[in-house]
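1. Build me a model:
(one chain, ligands or ions: 1)
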Amino acid sequence: MIRARVERHLSGCNECTDKATFRVHLKALIQVKCAEHEVPDGLRDRLRTLLASADTGPDQG
Ligand SMILES: [Zn+2]
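-> Okay, here's the model as predicted:
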């Protein structure tokens, strides 16, 4: 699951100390996963929406 991978990344990445940095890393992770065809189209769309809302949505930590 990409979620598990992201969470593991967060727990081990010292650079993800703020939301903006995390977003950059998350996008990179998603792009890698998409390149590996590990992410179904539906999930990829949802991730895109998630990232888009993270750019403008309320701060949820
Ligand atoms: Zn990171």
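
2. Spell out which residues of the chain are next to the ion.
-> When proximity is defined by C-beta under 5 Å from the ion, the chain lies next to the ion at 13, 15-16, 25. C-beta coordinates here come from the backbone N, C-alpha and C atoms, glycine included.

3. In terms of secondary structure, what does the helix or strand bottoming out on mean pLDDT in the chain contact?
-> When the helices and strands of the chain are scored by mean pLDDT, DSSP states H and E, helix 41-56 comes last with a mean of 73. With contacts defined as 3 or more C-beta pairs under 8 Å, 6 or more residues apart in numbering; DSSP states H and E, helix 41-56 has these neighbours: helix 19-35.

4. residue contacts, the residue most central in space within the chain?
-> Closest residue to the average C-alpha location of the chain: Leu26 at 3.0 Å, with C-alpha atoms, centre = their mean. Listed by C-beta atoms under 8 Å, 6 or more residues apart in numbering, the contact set of Leu26 reads 6, 51.
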